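Asks: okay, here's the prediction I keep looking at, along with the sequence it came from:
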Amino acid sequence: MERGLPPHITAGRLDRALGAFAGVVGKDWVLTSNEDRETYLDVYALGTGEEHLPSAAVAPASAQEVQAVVRLANEHGIPLWPISRGKNFGYGGSAPRTLGAVVLDLGRMKRILEVNERFGYCLVEPGVGFFDLYDHLQANNIPLWLSVPGNAWGSVTGNALERGFGSSPYGDHASKICGLEVVLPTGELVRTGMGAMSNNPTWPLFRYGYGPSWDGLFQQSNLGIVTKMGLWLMPEPEATLGLSIELQNADDIGWALDELCPLRMSGVLQQSPNIGNYLRSAAGRSQRSDWYTGPGAMPDSVIQDIQKTYGVGWWSIGLRLYGPEEVNEVNARIIQAAFARHTDQPFKITRWRKAEPIAASGAGIPSVFPLQIVNWQGGRGGHIGFSPVLPPSGEAALDQLHRAQKIVREHGFDFYGSFTAGERHINHVNMIFYNRDDDGMVGRVREVLKVLISETAAAGYGEYRAHLDVMDDVAASFDFNDHALRRLNETLKDALDPNGILAPGKQGVWPKAYRGSQA
């Protein structure tokens with residue numbers, strides 16, 4: 001692919017900037033070959049992904065090098081697209097929103113700066129992955145547990161900043177952030193919260209600090225580059241107890257969530273349970289052609305064959321209780337009694353105690369096995385996510401389930417849906433699987449995303465996270481008071497990033513120089 005140029009930037013100006021970057025990081029860490037640039041494309045791109053092709057990448061090794069690169073980017077007017085490890089699959093991966101932006105790859109910054117066993121936190125750089133931190137905890141016999149996302153080869157920092165989640169009691173990763181070090185778009189270095197005071201030991205302990213709290217400003221944002229992050233880790237519990245059940249009918253999700261959500265809110269259930277449908281089981285272990293080769297979405301008879309073959313329900317529910325054994329047993333009985341009001345299906349129960357192998361514990365153990373699901377359609381497989389946030393009620397869940405399933409099936413796709421129940425909300429994550437080599441299928445993916453976004457917004461719900469290709473559409477759906485939030489975001493963007501060099505267009509927030517053109 002030919003090198004794309006950033007908007008308003010000539011080839012000569014870009015080359016001068018890249019030369020200046022090399023003076024900071026060394027020429028080996030300014031990556032300009034075709035192979036280098038294509039490495040940063042979205043591996044699941046809808047089409048070639050050329051519209052998100054970077055012009056180059058630069059890989060600093062320290063916060064000071066990040067500062068220097070950012071200052072040079074301002075001087076030369078070059079847009080930067082920061083990534084931690086670039087594994088944001090299903091949402092764009094490492095590709096920039098803007099054609100020709102220079103990827104600022106923070107993957108070399110992978111120091112685990114501190115793990116505090118007594119107070120239960122870590123301080124890490126953005127290149128630290130879940131496997132890195134897990135291995136560090138295990139190798140040093142530190143009794144602290146991670147929460148991990150389904151596919152865990154990404155960055156601990158990047159996932160938390162993008163509001164990723166796992167299923168443990170610490171599964172709302174963004175809520176466990178405590179203290180950030182950030183390079184602002186001007187190149188200035190700041191620390192948030194109590195870190196604004198030199199050598200303050202409560203930086204990773206008290207997130208609010210003094211005056212306005214800023215940690216949230218740098219989540220899903222283009223207002224700064226996080227170079228260090230404090231994150232709370234879960235103390236290893238005395239015991240865990242697992243409860244799993246298979247619900248046979250699609251609409252069972254309504255009563256199940258009406259039972260689970262109050263238990264989550266009251267603290268009987270500490271984790272955010274993830275409830276996946278039959279396709280999660282099938283796509284992880286087979287391909288669509290093993291079951292059905294006809295047109296359109298799989299018929300109900302094929303779905304029933306999948307359920308029978310794998311011994312799964314329409315929904316599979318896995319719950320985990322953490323803490324003293326006797327407390328877990330009491331809470332398990334409360335959950336079992338709640339479900340017994342609706343079904344005779346028993347829970348499968350597993351138990352784990354502290355001295356036993358960690359594999360059966362329910363701890364956050366990183367894995368990439370779930371990526372198998374992208375092979376469902378065959379060819380060069382891909383997936384893209386659609387993830388609206390709902391109230392914690394069965395009625396809302398059923399309404400959105402019926403809406404999303406109808407839209408997805410009408411466009412010829414098999415329905416993959418899951419629900420994750422937070423303390424006061426539900427995430428409804430839908431995955432659309434496609435074959436990147438099938439142009440017609442790729443076109444239908446674009447269509448179905450647009451319809452899902454618009455019809456779900458019409459029902460009053462918005463996404464918490466979006467793919468590069470639809471960031472503007474999702475941002476536009478937040479329309480209160482004639483898009484007052486967008487104007488606020490743009491005001492902050494122009495104040496903190498007057499030259500508009502940091503991740504233009506991320507989450508639909510464009511700097512002044514790009515507005516209207518939306519490059």
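Replies: Cool, got the structure. The structure displayed is predicted, hence computed values, not measured ones.
Asks: buried residues in stretch 118-133?
Replies: Of all the residues in stretch 118-133, those buried under the rule 16 or more other C-beta atoms under 10 Å are 120-133. Heads up, the C-betas are built off the backbone N, CA and C, glycines and all.
Asks: now, the most widely separated pair of the residues you listed?
Replies: Taking C-beta to C-beta as the measure, the buried residues of stretch 118-133 reach their widest spread between 120 and 127, a distance of 22.6 Å.
Asks: so what are the domain limits for the protein?
Replies: Domain ranges of the chain: 11-105, 112-232, 239-465, 472-508, per automatic domain parsing.
Asks: how about those, which one is nearest residue 1?
Replies: That would be domain 11-105 among these, by C-beta to C-beta, at 5.8 Å.
Asks: that closest one: end-to-end distance?
Replies: Distance between the two ends of domain 11-105: 21 Å, counting by C-alpha to C-alpha, to the nearest Å.
Asks: off-centre distance for that domain?
Replies: Distance of domain 11-105 from the chain centroid (C-alpha atoms, centre = their mean, to the nearest Å) equals 21 Å.
Asks: equivalent analysis for stretch 495-504, please.
Replies: Centre-to-centre, stretch 495-504 and its host chain are 24 Å apart (C-alpha atoms, centre = their mean).
Asks: list the buried ones in it?
Replies: Here stretch 495-504 shows 496, 497, 499, 500, 501, 502, 503, 504 as buried, counting by 16+ other C-beta under 10 Å.
Asks: the longest helix in the protein is where?
Replies: helix 439-458 (DSSP state H).
Asks: residues contacting the nearest residue to residue 249 once chain neighbours are set aside?
Replies: Nearest non-adjacent residue to residue 249, counting by C-beta to C-beta, 6 or more residues apart in numbering: residue 314, 5.7 Å away. When contacts are counted by C-beta atoms under 8 Å, 6 or more residues apart in numbering, residue 314 touches 247, 248, 249, 250, 252, 277, 278, 303, 307.
Asks: helix/strand/coil for the fourth one?
Replies: By that I understand residue 250. Here residue 250 is recorded as coil under DSSP: H, G, I helix; E, B strand; the rest coil.
Asks: surely it touches residue 401?
Replies: Yes. Taking C-beta atoms under 8 Å as the definition, residue 250 is a contact partner of residue 401 at 7.0 Å.
Asks: a markdown table please, covering the domains of the chain and showing mean pLDDT and distance to residue 515.
Replies: A markdown table is the format used below for the domains of the chain (pLDDT from 0 to 100; distance: least, C-beta to C-beta, whole Å):
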| stretch | mean pLDDT | distance to residue 515 |
| --- | --- | --- |
| domain 11-105 | 95 | 13 |
| domain 112-232 | 96 | 14 |
| domain 239-465 | 95 | 21 |
| domain 472-508 | 97 | 7 |
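Asks: in a markdown table: those domains, plus distance to residue 514.
Replies: Output for the domains of the chain, formatted as a markdown table (distance: least, C-beta to C-beta, whole Å):
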| stretch | distance to residue 514 |
| --- | --- |
| domain 11-105 | 7 |
| domain 112-232 | 11 |
| domain 239-465 | 22 |
| domain 472-508 | 5 |
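Asks: hmm, back to that, with just CA atoms, put the longest helix of the chain into PDB.
Replies: The C-alpha trace of helix 439-458 is given here as PDB (Å, rounded to 0.1, in the frame of the first residue of the first chain):
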ATOM      1  CA  ASP A 439     -17.000  -8.300  -0.200                       C
ATOM      2  CA  GLY A 440     -20.700  -8.700   0.000                       C
ATOM      3  CA  MET A 441     -20.600  -9.900   3.600                       C
ATOM      4  CA  VAL A 442     -18.300  -7.000   4.500                       C
ATOM      5  CA  GLY A 443     -20.800  -4.600   3.000                       C
ATOM      6  CA  ARG A 444     -23.600  -6.200   5.100                       C
ATOM      7  CA  VAL A 445     -21.500  -5.700   8.200                       C
ATOM      8  CA  ARG A 446     -21.300  -2.000   7.600                       C
ATOM      9  CA  GLU A 447     -25.100  -1.900   7.000                       C
ATOM     10  CA  VAL A 448     -26.000  -3.900  10.100                       C
ATOM     11  CA  LEU A 449     -23.800  -1.700  12.300                       C
ATOM     12  CA  LYS A 450     -25.500   1.500  11.100                       C
ATOM     13  CA  VAL A 451     -28.900   0.000  11.700                       C
ATOM     14  CA  LEU A 452     -28.000  -1.300  15.200                       C
ATOM     15  CA  ILE A 453     -26.600   2.000  16.200                       C
ATOM     16  CA  SER A 454     -29.600   4.100  14.900                       C
ATOM     17  CA  GLU A 455     -32.400   1.800  16.100                       C
ATOM     18  CA  THR A 456     -30.800   1.200  19.500                       C
ATOM     19  CA  ALA A 457     -30.300   5.000  19.900                       C
ATOM     20  CA  ALA A 458     -34.000   5.500  19.000                       C
END
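Asks: next, the buried residues of it.
Replies: Using 16+ other C-beta under 10 Å as the burial criterion, the residues of helix 439-458 that qualify are 441, 442, 444, 445, 448, 449, 452, 453, 456, 457.
Asks: hmm, who's touching that helix?
Replies: Contacts for helix 439-458 (C-beta under 8 Å, 6+ apart): 46-47, 377, 384, 386, 388, 400, 403-404, 407-408, 411-413, 430, 432, 434-436, 462-463, 467, 469-470, 473-474, 477.
Asks: are any of these buried, and which?
Replies: If you count burial by 16+ other C-beta under 10 Å, the buried members of the contacts of helix 439-458 come out as 46, 377, 384, 386, 388, 400, 403-404, 407-408, 411, 413, 430, 432, 434-436, 462-463, 467, 469-470, 473-474, 477.
Asks: among these, which ones are in strands?
Replies: When DSSP state E defines the strands, the subset of the buried ones among the contacts of helix 439-458 inside them is 384, 386, 430, 432, 434, 435.
Asks: what number of residues lie near residue 174?
Replies: Residue 174 has 18 neighbours, counted by other C-beta atoms under 10 Å.
Asks: gap between it and residue 245?
Replies: For residue 174, the distance to residue 245 (C-beta to C-beta, to the nearest Å) stands at 29 Å.
Asks: now do residue 457
Replies: From residue 457 over to residue 245 the distance is 33 Å, taken as C-beta to C-beta.
Asks: what of residue 44?
Replies: Separation of residue 44 from residue 245 (C-beta to C-beta): 32 Å.
Asks: which residues sit in contact with the residue nearest the centre of the chain?
Replies: Centroid-nearest residue in the chain: residue 164, 3.7 Å away (criterion: C-alpha atoms, centre = their mean). Residues in contact with residue 164 (C-beta under 8 Å, 6+ apart) are 149, 154, 173, 174.
Asks: and stretch 362-379, what's buried?
Replies: Using 16+ other C-beta under 10 Å as the test for burial, stretch 362-379 gives 362, 363, 364, 365, 366, 373, 374, 375, 376, 377.
Asks: farthest pair in those residues?
Replies: Going by C-beta to C-beta, the pair spanning those furthest: 363 and 377, at 33.0 Å.
Asks: contacts for stretch 39-50?
Replies: 1, 4, 31, 52-54, 57, 83, 86, 89-90, 92-96, 99, 103, 105, 374, 381-384, 434, 436, 439, 442, 445-446, 468-469.
Asks: are any of those buried, and which?
Replies: Buried, going by 16+ other C-beta under 10 Å: 4, 31, 52-54, 57, 83, 86, 89-90, 92-96, 99, 103, 105, 374, 381-384, 434, 436, 442, 445, 468-469, out of the contacts of stretch 39-50.
Asks: those in strands, which ones?
Replies: Short answer: these in strands (DSSP E) are 31, 57, 83, 103, 105, 381, 382, 383, 384, 434.
Asks: which among these gets closest to residue 321?
Replies: Taking C-beta to C-beta as the measure, residue 321 sits nearest to residue 383 out of those, at 31.1 Å.
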